[in-house]
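Participant: pasting the sequence and the predicted coordinates here, then a few questions.
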Amino acid sequence: MQPAESAQPIDGKSLDAFLAQAAALIRRSGGAVALTGAGASTESGVPDFRGKNGLWSRFDPLEYGTIGAFRRDPVKVWAMLTELLAIVGVEPNEGHRAMADMERRGWLHGIITQNIDGLHQKAGSRTVVEFHGSLATFSCTSCGQKVSLAKVRSGPLPPRCRCGTVLKPDLIFFDEVIPPLALRQTEELLARAKVLIVAGTSCRVVPASLIPHRFRENGGAVIELNLEPALAPDADIVLQGSFSQIMGRLAAALP
């Protein structure tokens, strides 16, 4: 994963007009797929990793965020991961619940999320591709044993496998490749959709950042929902505002 260039925001119609246009586009297409990022979870109390007080402002990603760093000194990396475990106690916000409602009503075919917090599933979304992995399970890099989050939280940190190896969370570090299953599930979702909702992501981390561009190149329409629009000219409609508020209004605009 590597940072990519961000784009400039789009000017145009009022938010109300854009919301009506986005809802009409989703209705005509028969539903959409979503790509979500950190901005979808900040309103639940999950700090943006790249924000002012985020993890990467206090922990050097090269020292704590790579699989190489974990293999060299897993105990050191767990100083950062211990803080990361705090996000598993937060609750979904109205935006998460709105997306789950859209899926139940057939307007959202699935979510590709870069987030590792599990909030989409907690809100009730069923079809979720965890592009960057999750904190739901932990694995032993020596013997392959998998351990649940509940078991990790019930014991001392850093957690160890019964073979003695420090466990690794099943999230994707910066120098790891996206798992083939996540890539395949992503392609399957995108192949059946004509509309992509990009919500709460600045699209700065590849390969996830390439998804909107490729989707539009293949003839799809992109709706961006962000506090600070980042996709122009690769967005057809920009809904600028908070994730909770705008996603809730978009869901309400659909029958």
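Facilitator: Done, it's in.
Participant: which parts of the stretch 1-150 of the chain are helices?
Facilitator: 15-29, 55-58, 61-64, 67-72, 74-84, 94-104, 119-123, 149-153 (DSSP state H, counting those that start in this stretch).
Participant: who are the packing partners of the third one?
Facilitator: Think helix 61-64. Applying 3 or more CB pairs under 8 Å, 6 or more residues apart in numbering; DSSP states H and E, we find helix 61-64 packed against helix 74-84. Placement of C-beta: from N, CA and C, glycine included.
Participant: need the contact partners of the helix it packs on.
Facilitator: Outside of helix 74-84, the residues within contact range by CB atoms under 8 Å, 6 or more residues apart in numbering are 55, 59, 63-65, 69-70, 135, 157-158, 166, 168-169.
Participant: break the protein into its domains for me.
Facilitator: What automatic domain parsing lists as the domains of the chain is 1-45+91-132+179-255, 47-89+133-171.
Participant: out of those, deepest packed?
Facilitator: Ranked by mean neighbour count under mean count of other CB atoms under 10 Å, the domains of the chain are led by domain 1-45+91-132+179-255, which reaches a mean of 19.
Participant: what average pLDDT does that domain get?
Facilitator: Averaged across domain 1-45+91-132+179-255, pLDDT comes to 91.
Participant: endpoint to endpoint, stretch 131-149 covers what distance?
Facilitator: 18 Å (CA to CA, to the nearest Å).
Participant: typed the wrong thing, it's stretch 125-133
Facilitator: 16 Å.
Participant: now do that stretch: distance to the chain's middle.
Facilitator: In terms of CA atoms, centre = their mean, to the nearest Å, the centre of stretch 125-133 is set 8 Å apart from its chain centre.
Participant: please renumber the chain so that the first residue is 29 from this point on.
Facilitator: In the new count, where the first residue is 29, that last one comes out as stretch 153-161.
Participant: show residues contacting that stretch.
Facilitator: 29, 124, 127-128, 131, 137-144, 148-149, 197-200, 206-207, 210, 213-214, 217, 236.
Participant: tell me which of those residues fall in strands.
Facilitator: H137, G138, I139, I140, T141, P197, D198, L199 (DSSP state E).
Participant: ok, which pair from those is furthest apart?
Facilitator: Pairwise distances across those (CB to CB) peak at 28.1 Å, for the pair H137 and P197.
Participant: can you tell me which residues contact the nearest residue to A263 once chain neighbours are set aside?
Facilitator: Counting by CB to CB, 6 or more residues apart in numbering, A263 lies nearest to E252, which is 3.9 Å off, once chain neighbours are set aside. By CB under 8 Å, 6+ apart, the contact set of E252 is V226, A227, P240, A258, L259, A263, I265, V266, L267.
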